[in-house]
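Participant: Sequence first, predicted model second:
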Amino acid sequence: VEVKEGQPKSPVPLSSFPPLPSERQLLPGTMEEMKKEEVKEEPKVEVKEEKKHPSGLTLDERFKLCRSIGQECISEVELRALLDKHPKPIAYDGFEPSGRMHIAQGILKAINVNKLTKCGVKFVFWVADWFAMLNNKMGGELKKIKKVGEYMIEVWRAAGMDLENVEFKWAQEEINKNPNEYWMLVMDIARRNSIARIKRCATIMGRGEGDHMPSAQILYPAMQCADIFFLRANICQLGMDQRKVNMLAREYLEHKDVRKKYRFKPIILSHPMLMGLKQGQAKMSKSDPNSAIFMEDEPHQVKKKINGAYCPPGVVKDNPILCYTEHIIFNRNGELEIVRTEENGGNKLYKSYQELETDYKEGNLHPGDLKPAVIKAINAMLDPVRKHFASGAPKQLLKQIRSFKVTR
């Protein structure tokens, strides 16, 4: 609008300005950006899902199942890390073929092996034929020792051990395949340990430190320690009586040059020892048939042995019948039924060992009612083994084993 000089200025009409944009028109641009700035979204935290294990079990489930085997585990942190990182760990146990097999070797070992293989662990049995000879088992006769080894494998097969992820390696054969590797290991372990340290391991052979020992048995602990590394074992799954030599293996890796080669210390997962049936027997003994229940014992033999076993009313400590109830029956079946008259409390199904132990300690469960239940449960477990050795080649093998004299 042209305004001449001297003329009053008139206000500019609003219509001459462009219209103000509405909020709707601002949303695609500045308004939406402003709103985004006002409301800041919380950063999303990604939760990593646990990779599915071939066993179908979670890491927690596998750790719990493996850990349930051991009275002692050295160490739990290492065991969990192994199960988490290693696709197929190796567990091992070495056994001397030394005569008929009792339920501690037969049933308890089958339970433990099945637990480990269920978790994806490969189990290697070291059939320690040379070790049995060194320890004077079966009179030191290697042919007899090998026959006993064959018999023990047959027992485990019949007892329900899942052999899909189990391998049996005979010491003599495997050592002779790689003698240089094996004996270099044995000598290296021997030169790094004193005679006194090696003698402390004498108990692994069922002998005391003060017992008379031929020099062959001084060699034994260094060889057993070497086995662990020779077999590339990640887990030593043996009994508590083998703890000293397993600790020797962990000590061996404290040397820096050794640690560079083998990296990780073997994990010790030691199962408890089953007591002998007589009072004061810390473990079953093959040399005393009445102290142990053997895998092919007849039903009447099992009954006689258990009925005669030490089992004082109300006493829990060092009670072999309670020991078998906990580590054999509940460990495998998860329950035990007590059958008794109404006057004595009536029938009762125990779903946990702790409940049964409490009742026994408080006098609510008598040995006269407990023992028949234990007899029935153990005979049911041994029945497939008895049938396996009732005919054919297994029958002849058992007959041969029974004819051998047990020596120590």
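Facilitator: Happy to help now that I have it. Predicted model, so just to flag it, every value in this text is computed and none were measured. Residues are numbered from 1 along each chain as shown.

Participant: I'd like to know which helix or strand in the protein has the lowest mean pLDDT.
Facilitator: Least confident helix or strand, the chain: helix 23-26 with a mean of 47, by mean pLDDT, DSSP states H and E.

Participant: can you tell me which residues contact Arg332?
Facilitator: The contact partners of Arg332, by CB atoms under 8 Å, 6 or more residues apart in numbering, come to Ile107, Ile111, Met381. Glycine gets a C-beta too; all of them are placed from N, C-alpha and C.

Participant: which other residues reach stretch 390-407?
Facilitator: Here stretch 390-407 makes contact (CB under 8 Å, 6+ apart) with 98-100, 136-140, 144, 147-148, 150-151, 154, 158, 286-287, 296, 388-389.

Participant: are any of those buried, and which?
Facilitator: When the contacts of stretch 390-407 are checked for burial by 16 or more other CB atoms under 10 Å, the buried set is 98-100, 136-138, 144, 147-148, 150-151, 154, 158, 286, 296, 388-389.

Participant: So which of those sit within helices?
Facilitator: Using DSSP state H, the subset of those located in helices is Lys144, Lys147, Val148, Glu150, Tyr151, Glu154, Ala158, His388.

Participant: shaky segments in the stretch 251-400 of the chain?
Facilitator: Within the stretch 251-400 of the chain, no range satisfies pLDDT under 70.

Participant: All the strands of it, residue numbers only.
Facilitator: 267-270, 336-338, 348-350 (DSSP state E, counting those that start in this stretch).

Participant: Would you tell me which one of those strands is buried the most?
Facilitator: Comparing the strands of the stretch 251-400 of the chain by mean neighbour count (mean count of other CB atoms under 10 Å), strand 267-270 comes out on top with a mean of 24.

Participant: neighbouring contacts of it?
Facilitator: In contact with strand 267-270 (CB under 8 Å, 6+ apart) are residues 66-67, 69-75, 78-79, 82, 91, 234-240, 242-243, 246-247, 250.

Participant: Could you list the paired strands of it along with their orientation?
Facilitator: Strand pairing for strand 267-270, using DSSP bridges, gives strand 72-74 (antiparallel), strand 235-236 (parallel).

Participant: Same list (those) but as a markdown table, adding distance to Ile218.
Facilitator: Converted to a markdown table, these look like this (distance: least, CB to CB, whole Å):
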| stretch | distance to Ile218 |
| --- | --- |
| strand 72-74 | 25 |
| strand 235-236 | 21 |
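
Participant: So which of the ones you listed is nearest Leu322?
Facilitator: strand 72-74 (19.9 Å; CB to CB).

Participant: mind listing what's buried in the next helix-or-strand element following that closest one?
Facilitator: Next in sequence after strand 72-74, counting helices and strands by DSSP states H and E, comes helix 76-85. For helix 76-85, burial by neighbour count (16+ other CB under 10 Å) applies to Glu78, Leu79, Arg80, Leu82, Leu83.
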